[in-house]
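K.L.:
next input, structure requested:
(one chain, ligands or ions: 1)
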Amino acid sequence: MQNTSDVLVIGAGFAGLVAARELSRKGLSVRILEARDRIAGRTWLAPRMGRSLELGGTWVHWSQPHVWAELTRYGIGVVTAPEVEKAYWHADGQLQEGSPEELMMILDGPNRDFLAPSRQLVPLPYEPLSNPAIKEADQLTVAGKIDELELDPVSDDVMRSFWALNFNGRIDDAAYTQALRWSAAAFHEWPVMFETCATYKIQGGTRALAQAILDDSGAALTLNTPVAQVRHNDEGIIAAGRDGTEYAARAMVVTLPLHVLDTVRFEPELSAGKREAAARGQLGLGAKLWIKVKGRHERFIAMGPQGWPLNFVQAEYLDAESTTLVAFGPDAAAVDVEDAAAAQEILRRWIPDIEVLDVFGHDWVHDEYARQTWPMHRTGYLSESLPELQRPEGRIHLAGSDYANGWGGFIDGAIESGHTAARSIAEQLHIRH
Ligand SMILES: Cc1cc2nc3c(=O)[nH]c(=O)nc-3n(C[C@H](O)[C@H](O)[C@H](O)COP(=O)(O)OP(=O)(O)OC[C@H]3O[C@@H](n4cnc5c(N)ncnc54)[C@H](O)[C@@H]3O)c2cc1C
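P.N.:
Prediction:
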């Protein structure tokens, strides 16, 4: 067959790019089939509002070993966010304002109590099931564990909002173990966890790192090629694009996000466990929105109740005549990424005279190649689904931040799982170096 390589990789996000680089550096011929017209998947640096804005994954940290190693490898630095000067929080029906330290203090005690079991239950974040007791904890929900804290109404509202922010979704069915895993990966220190999530951006943007990884691999990249079907047996794989073009290989890395795993027809089918996990899905179904407002504001953060369309806002770029904010909400259906008036109405709940000039975002939940934002799991996922999703099926190896051990849900997790899939394929194909 004309389009034959040793390994096919579906998807040119961070998991696919790293797997492709690792395998091609082992001397294997690798082809990446990517549905979009660009690389980098759920990270996307796009020009708008006079600068380049990250529409998807953005922040990285040295607590994240895999992404940090990539930055070191390619000599790429990070951009530090300016210090936060002011905080607004809307809790127990009241608007409050104060220093960021005051807001952090509201969260500190509750988060320390909430996350206290992380050292015992997740002693090794990269082996998240190493303590068998995690299985029982995996049935507990974030909302239920917050109930148990019996907080005063302000702390209760702020805690629920904080975890709805972290989940980019509703917390009623959110796995408590997912919160413990984040905490464990951040050395069991929630302030490190918080800093990891929204402080240091990649110099030149996520695209710079993705491009550096691609340039460093000998992999062939075929864009605009959504894979529709994969036939596989003990000998190898045939993948067919939607246009019918076929590609053959000895093994395959599949980096489809959990919510699009069922959009490719596998023959034979993926295991029942994998299909059930995909059907059950995950909770990261929220929104990220860039908002340009008139005037130079202080560098502030604002939190609102978990039910608000945007429940977290952070002033990200301060210019002489405008300020660019980044905002998150737990429900993509409640946010129109083109509606400046709606954004202004929400922002005025914190800052009554604020004036919105422009908004910009990408609806990842209705993006047919993502259907989710960052993966945050339901109860039972860690103990019941993750081991099965990580188990190769014949020559098919899943990779992606949805299937990572450590910083699952992050760029770091995507890179980790790209390495794991590459190693597993090299072993399968008896490549020793
Ligand atoms: C709004 C948002 C904010 C985030 N913030 C952060 C953050 O600050 N820090 C952080 O570390 N992480 C963040 N993340 C998460 C991070 O971006 C992702 O976890 C990571 O980029 C996922 O990489 P991946 O390779 O696993 O998957 P993806 O990047 O989704 O790659 C999968 C690829 O497969 C392709 N594909 C899908 N279907 C097909 C098909 N049929 N055929 C061929 N190709 C297909 C897709 O187009 C995509 O390119 C955020 C994500 C979002 C959406």
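K.L.:
which stretches of the stretch 151-300 of the chain form strands?
P.N.:
Assigned by DSSP state E, counting those that start in this stretch, the stretch 151-300 of the chain shows strands spanning 200-202, 220-222, 227-232, 237-241, 246-249, 251-254, 265-267, 287-294, 300-303.
K.L.:
and of those strands, who's closest to residue 46?
P.N.:
The closest of the strands of the stretch 151-300 of the chain to residue 46 is strand 287-294. By Cβ to Cβ, the value is 9.5 Å. C-beta: built from backbone N, CA, C; applies to glycine.
K.L.:
helices or strands up against that closest one?
P.N.:
On a contact count with 3 or more Cβ pairs under 8 Å, 6 or more residues apart in numbering; DSSP states H and E, strand 287-294 meets strand 322-329, helix 340-347, strand 356-361.
K.L.:
hmm, the last one in reach of the ligand?
P.N.:
Going back to what we said before, that points to strand 356-361. No: judged by Cβ under 6 Å from any ligand atom, strand 356-361 stays clear of the ligand, getting no closer than 8.3 Å.
K.L.:
name the next helix or strand downstream of that strand, please.
P.N.:
Counting by DSSP states H and E, the next helix or strand C-terminal to strand 356-361 is helix 386-390.
K.L.:
tell me what that next one is packed against?
P.N.:
Contacts defined by 3+ Cβ pairs under 8 Å, 6+ apart place helix 386-390 against helix 272-280.
K.L.:
now tell me what touches the helix it packs on from outside.
P.N.:
Contacts of helix 272-280 with the rest of the structure, by Cβ atoms under 8 Å, 6 or more residues apart in numbering, involve 258-259, 261-262, 269, 378, 381, 384-385, 388-389, 393, 398.
K.L.:
nearest residue to residue 286 other than its sequence neighbours?
P.N.:
residue 168 (3.7 Å; Cβ to Cβ, 6 or more residues apart in numbering).
K.L.:
can you pull the contacts of residue 217?
P.N.:
By Cβ under 8 Å, 6+ apart, the residues touching residue 217 are 17, 20, 21, 24, 25, 30.
K.L.:
isn't residue 88 right next to residue 300, touching?
P.N.:
Yes: counting by Cβ atoms under 8 Å, residue 88 touches residue 300, with 6.5 Å between them.
K.L.:
now render the strands of the stretch 151-300 of the chain as a markdown table, adding mean pLDDT, distance to residue 330 and mean neighbour count.
P.N.:
Below are the strands of the stretch 151-300 of the chain laid out as a markdown table (pLDDT from 0 to 100; distance: least, Cβ to Cβ, whole Å; neighbours: other Cβ atoms under 10 Å):
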| stretch | mean pLDDT | distance to residue 330 | mean neighbour count |
| --- | --- | --- | --- |
| strand 200-202 | 97 | 23 | 21 |
| strand 220-222 | 98 | 35 | 16 |
| strand 227-232 | 98 | 31 | 18 |
| strand 237-241 | 97 | 35 | 20 |
| strand 246-249 | 98 | 39 | 20 |
| strand 251-254 | 98 | 28 | 28 |
| strand 265-267 | 98 | 32 | 14 |
| strand 287-294 | 98 | 8 | 23 |
| strand 300-303 | 98 | 12 | 22 |
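K.L.:
format the ones you listed as a markdown table; extra columns: distance to the ligand.
P.N.:
Formatted as a markdown table, the strands of the stretch 151-300 of the chain follow (distance: least, Cβ to the nearest ligand atom, whole Å):
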| stretch | distance to the ligand |
| --- | --- |
| strand 200-202 | 8 |
| strand 220-222 | 9 |
| strand 227-232 | 4 |
| strand 237-241 | 8 |
| strand 246-249 | 11 |
| strand 251-254 | 9 |
| strand 265-267 | 10 |
| strand 287-294 | 4 |
| strand 300-303 | 15 |
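K.L.:
go through these and name the closest to residue 99.
P.N.:
The minimum distance between residue 99 and those falls on strand 300-303, with 10.5 Å, by Cβ to Cβ.
K.L.:
how far is stretch 56-66 from where the chain is centred?
P.N.:
Averaged C-alpha coordinates place stretch 56-66 at 10 Å from its chain's average position (Cα atoms, centre = their mean, to the nearest Å).
K.L.:
likewise stretch 329-338?
P.N.:
Distance of stretch 329-338 from the chain centroid (Cα atoms, centre = their mean) equals 17 Å.
K.L.:
and for that stretch, what's in contact with it?
P.N.:
Here stretch 329-338 makes contact (Cβ under 8 Å, 6+ apart) with 164-165, 167-170, 285-287, 289, 306, 308-312, 342, 359-366, 373.
K.L.:
list buried residues within those residues.
P.N.:
164-165, 167-170, 285-287, 289, 306, 308-312, 342, 359-365, 373 (16 or more other Cβ atoms under 10 Å).
K.L.:
contact partners of the helix ranked longest in the chain?
P.N.:
Ranked by number of residues, the top helix in the chain under DSSP state H is helix 411-428. Contacts to helix 411-428, defined as Cβ under 8 Å, 6+ apart, come from residues 7, 13-19, 22-23, 26, 28, 41, 43, 57, 60, 64-68, 70, 126, 206, 251, 253, 255, 390, 392, 395, 397-401, 403-407.
K.L.:
mean confidence for it?
P.N.:
Helix 411-428 carries an average pLDDT of 98.
K.L.:
tell me if it is near the ligand.
P.N.:
Yes: Helix 411-428 lies within reach of the ligand by Cβ under 6 Å from any ligand atom, at 411, 412, 414.
K.L.:
buried sites along that helix?
P.N.:
Going by neighbour count (16+ other Cβ under 10 Å), the buried part of helix 411-428 is 411-426.
K.L.:
how far out from the middle of the chain is that helix?
P.N.:
Centroid separation for helix 411-428 versus its chain: 17 Å, with Cα atoms, centre = their mean.
K.L.:
same check on stretch 52-66?
P.N.:
Per Cα atoms, centre = their mean, the displacement of stretch 52-66 from the mean C-alpha position of its chain is 9 Å.
K.L.:
ditto for stretch 240-258
P.N.:
That offset, for stretch 240-258, works out to 23 Å (Cα atoms, centre = their mean).
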